[in-house]
Structure formats: structure tokens, C-alpha cells
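Trainee: next come a sequence and a model predicted from it.
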Amino acid sequence: MILVASVFVCIEQLEKVRVTYHKSCQREQAAQDKEKQATENAELSEEKKLKLGEAKERAAEEKEKARDRYEKVLEELTSYTPRYMEEMEAIFEQSQEEERKRISFLKQVFLSIHRHLDITNNESVKAVYSELHQTLMSIDEQDDLKWWKNNQGPGMPTDWPKIQEWVPPVKRLKRKRRNQKGKESRPVMIGGVKVRALYDYVGEESDELSFKAGEIFLKVEEEDDQGWCRGVLSGGKEGFYPANYVEVVE
């Protein structure tokens with residue numbers, strides 16, 4: 001029980017340091033973006049640019065420290081694995097023995113009931129009686145326990161925590177409304193092309209589509225110079241969506 005409590009405490013710590021690490025990654029990304037914008041801004045003073053560069057370096061250092069803490073907690077959690085599996089094996093063997101007794105008891109009870117039900121010569125009932133007897137006799141507690149061990153016990157696949165890298169969010173495109181003339185000038189794709197959504201998207205304008213990641217629909221117009229395509233959802237709704245939110249279905 002002490003080991004289990006230690007593992008759960010470690011898992012809680014792991015989640016906290018993971019969140020801290022990902023937030024530090026976000027701050028570093030924001031600092032890098034600010035420095036890049038400053039570099040491209042000729043009107044910004046050198047002093048301001050220098051401060052932004054220093055802020056980026058501090059953010060990078062904080063991120064590395066957060067990752068070190070993340071890795072240390074993960075290493076501590078991983079160190080519990082051998083002992084955890086050993087104790088799990090011992091406890092599981094005890095439960096397996098109780099399960100074996102339960103199966104054996106139930107088998108004997110049903111066999112006893114089966115014997116007392118044999119009170120007719122009806123051929124159809126005889127067939128049911130024979131099939132039931134064969135089913136009961138085919139019960140093998142060892143096979144049952146082996147299956148349970150491999151699927152729900154020490155033999156089951158494990159998925160210990162690993163480092164989860166921070167993934168920058170997809171930047172949303174700002175779309176200017178196209179007038180009717182511009183809309184008609186775009187080439188329409190006959191029949192359309194199937195595409196699959198890579199991310200969730202909620203349309204911000206009345207003429208934009210909303211969809212969930214994994215949803216498949218039709219692209220009916222090629223990407224315009226603003227990075228938008230026109231598509232039709234499975235329900236028949238037609239509208240625009242950002243081209244970088246989907247991939248073509250092979």
C-alpha cells in the first residue's frame with residue numbers, strides 16, 4: 001500500500017511539472033515571436049531589441065530548468081516500475097487463487113443442478129441437457145485465469161508515462177470577406193475532393209464551416225490567396241475553411 005501511495009503521489013507531481021514545462025515552452029515561443037517582430041521593426045530602438053533578446057534567453061533557461069524537473073520526476077516514477085510489478089504479481093496471484101476457488105465452486109454447483117434436472121426423456125430436452133453438460137465440462141479454470149492474467153493482470157500491456165513535448169497551437173488565419181465577383185472567379189472542382197480535418201475548427205463568420213478533428217468532407221474549391229478553401233460538409237452545409245486545417249484523404 002505504501003508503494004501504491006508513493007506511485008500516485010509521484011504521478012500527481014509528474015502532472016504538475018508537465019504543466020509547468022509546457023507553460024515555459026509557451027513563454028519561450030512568445031519571447032521568440034516578440035524578438036522576431038522587433039528585428040523586423042526598423043523603428044524599434046536597439047535598447048528595446050536588446051531587452052527582448054535577454055527576455056528570450058531567460059525564457060529558454062526557465063524552459064530547460066522546467067524540463068530537467070520534469071525528467072527527474074519521470075525518472076523517479078520509472079524507478080518504481082520493477083518493485084510495483086513485483087508486488088502486483090504477488091497480489092495478483094492471491095486474487096487468482098480466490099478466483100480459481102470461485103470457478104471450481106460454481107462449476108460443482110451447476111453440475112449438481114444439472115444432475116437433478118435430468119428428469120425427462122424428451123429428445124429436445126436431452127439435446128439441451130447434453131450441450132449444457134459439455135459446456136460445463138469444458139470449463140477450465142487454468143485457461144480462464146491465464147486469459148485474465150494476460151489481459152487484466154501482470155501480463156497485460158502497460159503504458160507508463162513518457163515526456164509529452166509541447167506542440168505550438170495552429171495559428172488561425174484572418175480571412176477577408178470575398179465579394180460575389182471574386183467568389184465566382186475561383187475554379188470549382190467537379191465532384192469535389194475528400195479531405196480530413198486535422199484539428200477542430202469553429203467558424204467565426206456565417207459563411208465559414210465548423211468541424212471536428214477527424215471529420216471527412218468535400219473540398220469543392222481550391223485554396224485562394226488568403227489560404228482559404230470552400231467545402232461542403234456531409235450534412236450539405238457549404239462554406240469556407242482554412243486550408244491548413246485539413247489533409248487530402250488518399
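Mentor: Good, I have the coordinates.
Trainee: lowest-scoring secondary structure element of the protein by mean pLDDT?
Mentor: Ranking every helix and strand in the chain by mean pLDDT, DSSP states H and E puts helix 180-185 at the bottom, with a mean of 46.
Trainee: which helix or strand lies directly C-terminal to that helix?
Mentor: On the C-terminal side of helix 180-185, the closest following helix or strand by DSSP states H and E is strand 188-197.
Trainee: after that following strand, next one along is what?
Mentor: That would be, after strand 188-197 and using DSSP H and E, strand 216-221.
Trainee: which ones are touching the residue nearest to the spatial centre of the chain?
Mentor: Nearest to the centroid of the C-alpha atoms of the chain, with distances taken as Cα atoms, centre = their mean, sits Q164, at 11.6 Å. By Cβ atoms under 8 Å, 6 or more residues apart in numbering, the residues touching Q164 are 18, 22. Backbone N, C-alpha and C define where each C-beta goes, glycine included.
Trainee: tell me the secondary structure of it, please.
Mentor: Of the three states, Q164 takes coil according to DSSP: H, G, I helix; E, B strand; the rest coil.
Trainee: quick one: pLDDT of it?
Mentor: Q164 is assigned 75 on the pLDDT scale.
Trainee: same question, the one 3 residues further on
Mentor: If you check V167, the pLDDT there is 68.
Trainee: mind listing the helices for this protein?
Mentor: 2-40, 46-79, 81-116, 123-137, 141-152, 180-185 (DSSP state H).
Trainee: which intervals of this structure have sub-threshold pLDDT?
Mentor: 1-4, 117-122, 167-190 (pLDDT under 70).
Trainee: from K65, how far off is the nearest residue to A30 once chain neighbours are set aside?
Mentor: In space, A30 comes closest to A59 once its chain neighbours are excluded; the distance is 7.7 Å by Cβ to Cβ, 6 or more residues apart in numbering. According to Cβ to Cβ, to the nearest Å, A59 stands 11 Å off from K65.
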